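In: Sequence first, predicted model second:
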Amino acid sequence: MSDSIPSNPFSLSPRVAVSGGATASGSNSDVFGPVVIALEEITMRFRHQTVLEGINLQVRKGETLAVIGESGCGKTVLLKLMIGLLKPTKGRVRFEGRDLAGLSQRDLTQMRLRFGFLFQMAALFDSLTIFDNVAFGPREHRLMAPSELPGMVRERLREVGLPEGIEFKKPAELSGGQRKRVGLARALALNPEVLLYDEPTTGLDPVMSDVINELILQTQRAHHTTGIVVTHDMTTVRKVADRVVMLYPRARLKPGEAQMIYDGPPENLHDHSDPRVRQFVRGEAGERLRELSLARDDSVFASEISMPFRFQR
Ligand SMILES: Nc1ncnc2c1ncn2[C@@H]1O[C@H](COP(=O)(O)OP(=O)(O)OP(=O)(O)O)[C@@H](O)[C@H]1O
């Protein structure tokens, strides 16, 4: 293989080579299983702010979906809706066909036990040891005999590459990357079928980010989990996603425009015809700067911005 870096970095997506990729309109039902999570005509409003509107999305068993988009566009809200931590203002959320709105609290708790979460800051309990953090879910829900816990905790910590002895430490004694790995071990302790990752690499150096990306991939392969990854990190998208959806902040949409501006395989993002998609994944400010300058009514500045953006003044 050539050492040169391809002009489209998505062209070497290892997930696509493995899975066969997805169709332009979403996931490929030939490659993945039945629909596990479905969002139908979702609107989410907080007081006077409508964050999500008209969202339709299906996630299939075994697929890893990345959700991208600017800060504040509603990615985390989307994750919370999927597990019933938020109730939509309008529309339905279904898990395996069942409308979450119709589930009792007990059924909702049972459903959530089939999910694992890796939150932005790993969200460990600071006062508990690493052992107690990883054992927390199975212990709380009495899913395992106490005698089975040490073996399970050791196995999960080994799986995420953490050394023996770390289980006696507290989260404050660990690096950011180690904490994320404990967060993943804790999520895996419940043998989840669906894993939700919220910004799994935020705050990590590139090498540790790669370790986390590898662990996400390996987890999917070893446990055949379905994954939903909210991220700004395009390396993560390239490495782990079968399919990507991009949300656009609703407040900046023109009347009648759909909020989900991309739904397809990662390799089509880089050269996409929509400049909002292209510039987001390339990290270019062009369209956003044009919008900002128009908001300032600075038409001269706006007309000077070219694509890709260059400082011309
Ligand atoms: N419980 C809540 N009550 C009121 N507003 C909320 C609530 N949760 C989220 N929001 C608002 O919804 C919007 C979207 O939030 P969300 O956390 O989903 O953004 P995001 O796309 O995940 O952003 P980031 O990439 O910065 O994490 C924000 O304006 C936020 O203030």
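Out: On my side now, so go ahead.
In: I'd guess Ile37 is in a strand, am I close?
Out: Yes: counting by DSSP: H, G, I helix; E, B strand; the rest coil, Ile37 is found in a strand.
In: residue contacts, it?
Out: Counting by CB atoms under 8 Å, 6 or more residues apart in numbering, Ile37 makes contact with Leu57, Gln58, Val59, Met82, Val93, Arg94, Phe95, Val194, Thr226, Ile228. For the C-beta atoms, the positions are set from N, CA and C on the backbone; glycine is no exception.
In: can you pick the most crowded of those residues?
Out: Ile228 (26 neighbours; other CB atoms under 10 Å).
In: Run through the bridge partners of that residue.
Out: Leu65, Leu196 (DSSP bridges).
In: what sits against the closest residue to Pro249 other than its chain neighbours?
Out: Among residues not flanking Pro249 along the chain, Cys73 sits closest, at 4.5 Å (CB to CB, 6 or more residues apart in numbering). By CB under 8 Å, 6+ apart, the residues touching Cys73 are Val51, Leu247, Tyr248, Pro249, Arg250.
In: now the contacts of Ile37 as a markdown table including pLDDT?
Out: Output for the contacts of Ile37, formatted as a markdown table (pLDDT from 0 to 100):
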| residue | pLDDT |
| --- | --- |
| Leu57 | 97 |
| Gln58 | 97 |
| Val59 | 96 |
| Met82 | 95 |
| Val93 | 97 |
| Arg94 | 97 |
| Phe95 | 96 |
| Val194 | 96 |
| Thr226 | 96 |
| Ile228 | 97 |
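In: From the residues you listed, pick the one nearest Ala258.
Out: Ala258 lies nearest to Leu57 out of the contacts of Ile37, by CB to CB, at 11.7 Å.
In: isn't there a helix covering that closest one?
Out: No: looking at Leu57 with three-state DSSP, it is strand, so not inside a helix.
In: residue contacts, it?
Out: Leu57 is in contact with Ile37, Ala38, Leu39, Leu78, Val245, Met260, Asp263, counting by CB under 8 Å, 6+ apart.
In: mind running it again at 10 Å?
Out: 26-27, 35, 37-40, 42, 65, 67, 78, 81-82, 93, 228, 245, 247, 260, 263 (CB atoms under 10 Å, 6 or more residues apart in numbering).
In: Over to Ile130?
Out: Ile130 touches 124, 153, 157, 162, 165-171, 173-174, 178-179, 181-182, 185-186, counting by CB under 10 Å, 6+ apart.
In: and these, which of them are in helices?
Out: When DSSP state H is applied, those are split such that Val153, Leu157, Gln178, Arg179, Arg181, Val182, Ala185, Arg186 fall in helices.
In: Among the residues you listed, which pair sits farthest apart?
Out: Farthest-apart pair in those is Val153 and Arg179; separation 15.7 Å (CB to CB).
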